[in-house]
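**Student:** Structure of the sequence below:
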Amino acid sequence: MPNRQELRRTLPSLGYNRARFCKPIVDAIGRLESRDASLADCVLELLRCAREIGNLDTSLDLGDSLDFSFHAIITFNREFQKLNTDYHFLTLYLHPLCRWLAVSKAPRSQSFKTVCLIAGTLAKKLGWNAETTSKLFKDLQDYQNVAPPFTGGVSDGAAWWRALPGVSIEEHPIKAMATVLFAIVPHTAEVERVFSSLGGFHSPRRSRLSVESLEMLGKLRSHYVGLMREKGLNPDRRDHTHSRTPNEPGVDSDLVNRLINEDTVDTEEAERAVQELRALEEVQAEMDEESTAAELDRAWEELELDQAAVDNVTANQLEVPAIYSMEELAKVDAGMVPKSVEEDFSSLVATKGASWDLETLIIKAGIA
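**Tutor:** Below you'll find the model as predicted:
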């Protein structure tokens with residue numbers, strides 16, 4: 001591992017490396033701010049991030065730091081474990097295209113028994129009785145085997161469960177559980193949008209609106225914006241107030257220089273303005289340097305804490321492929337619907353005119 005001086009010299013390349021590692025995560029956050037995002041979508045986006053990060057070239061030829069790359073992978077593993085909760089996992093499993101992604105052939109994949117334990121615990125919290133929970137377990141078995149009525153699947157898991165034909169909540173409680181889990185919104189982006197829109201009504205000059213009036217205006221705006229989207233129109237977008245503020249705080253250097261060049265300005269006042277500008281620039285430069293050094297020290301401490309993990313050959317590898325099958329993830333991205341055992345068996349069609357020798361195949365297979 002390089003010392004702190006060497007790390008400061010390699011800071012530009014670390015910034016490039018950090019951008020490469022962060023881009024998949026930033027893109028995933030943008031996609032997850034959709035109104036229809038679910039817990040299953042969160043897990044899927046994390047899996048896609050892991051796949052992209054795993055495909056990154058961490059060779060020193062690119063000017064990257066292997067230590068930083070290992071640190072980023074270790075951090076991703078740690079944060080993934082925090083986000084991969086039981087409810088996230090169960091919602092992913094109940095996505096019709098992801099049932100075999102959640103319970104796959106990956107070395108550390110969760111088992112079907114784990115699915116039943118998590119679902120049974122949730123059923124108990126929901127206050128379901130033993131009879132309903134027994135029906136739930138029967139539904140889970142049929143769902144795992146892609147048996148009727150749980151055949152097929154679409155990319156929108158919530159819509160698939162709502163439109164599932166001939167499946168009532170009373171007879172098939174798995175539909176109720178799936179509906180509850182897919183109704184969970186994993187972010188507050190929509191609430192932030194509402195508060196942002198209310199800022200156009202409530203301002204320093206219009207600050208005496210009652211809560212009821214503000215609520216009514218917000219509902220009207222949301223209603224009309226929805227109508228415009230239905231007609232294919234985009235509502236007008238306006239910059240926030242902070243978008244019109246100067247980019248850099250402090251004295252306006254252009255204004256100072258202009259005042260210096262004007263004959264009407266007193267020379268002493270102009271000199272004082274220049275001195276003030278220089279003093280502010282020096283203070284700002286010191287603050288930036290201190291901030292950069294502090295951030296670098298914090299990053300160094302994290303690297304030192306993870307050094308033991310970096311020295312471990314297996315610790316600096318992504319854990320996600322050992323938990324979730326990347327092959328099954330590719331099938332989900334391709335929109336492939338899981339097949340039942342009967343459908344898989346039907347694909348083994350006898351080939352007409354096939355000719356082969358039994359003894360030859362036994363010897364070729366190494367069967368004594």
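**Student:** quick one, what contacts Ala158?
**Tutor:** Listed by CB atoms under 8 Å, 6 or more residues apart in numbering, the contact set of Ala158 reads Asp36, Ser38, Ala178, Thr179, Phe182, Ala183. Quick note: C-beta positions are derived from backbone N, CA and C, even for glycine.
**Student:** Which among those count as buried?
**Tutor:** Burial by neighbour count, 16 or more other CB atoms under 10 Å: within the contacts of Ala158 this picks out Ser38, Ala178, Phe182.
**Student:** In helices only, show me those.
**Tutor:** Among the buried ones among the contacts of Ala158, DSSP state H puts Ala178, Phe182 in helices.
**Student:** Could you export the buried ones among the contacts of Ala158 as JSON lines, including distance to Gly166?
**Tutor:** Shown next, in JSON lines, are these (distance: CB to CB, whole Å):
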{"residue": "Ser38", "distance to Gly166": "24"}
{"residue": "Ala178", "distance to Gly166": "16"}
{"residue": "Phe182", "distance to Gly166": "20"}
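**Student:** For Arg205, state which of the buried ones among the contacts of Ala158 is nearest.
**Tutor:** When the buried ones among the contacts of Ala158 are compared for distance to Arg205 (CB to CB), Ser38 wins out at 40.8 Å.
**Student:** pretty sure the closest one is in contact with Val180, am I right?
**Tutor:** No: contact criterion CB atoms under 8 Å: Ser38 and Val180 do not qualify, at 11.3 Å.
**Student:** Which positions within stretch 144-153 qualify as buried?
**Tutor:** Within stretch 144-153, the residues that qualify as buried are Gln144, Asn145, Val146, Phe150, Thr151, Gly153, counting by 16+ other CB under 10 Å.
**Student:** Just the ones of those residues in helices?
**Tutor:** Judged by DSSP H, the subset of the buried residues of stretch 144-153 located in helices is Gln144.
**Student:** Name the pair among the contacts of Ala158 with the greatest separation in space.
**Tutor:** Every pair of the contacts of Ala158 checked by CB to CB; the farthest is Asp36 and Ala178, at 15.0 Å.
**Student:** So the nearest residue to Asp156 once chain neighbours are set aside: helix, strand or coil?
**Tutor:** Leaving aside its sequence neighbours, Asp156 sits nearest to Asp36 (CB to CB, 6 or more residues apart in numbering; 7.4 Å). Put simply, Asp36 is coil when judged by DSSP: H, G, I helix; E, B strand; the rest coil.
**Student:** Asp36 contacts Ser155, doesn't it?
**Tutor:** No: if you go by CB under 8 Å, Asp36 and Ser155 don't touch, sitting 10.8 Å apart.
**Student:** How about Thr121, nearest residue that isn't a chain neighbour?
**Tutor:** Counting by CB to CB, 6+ apart, the residue nearest Thr121 is Asp86, at 7.7 Å.
**Student:** Surely the one you found touches Ile118?
**Tutor:** Yes: using CB under 8 Å, Asp86 is in contact with Ile118, at 4.6 Å.
**Student:** Sweet, I'm off.
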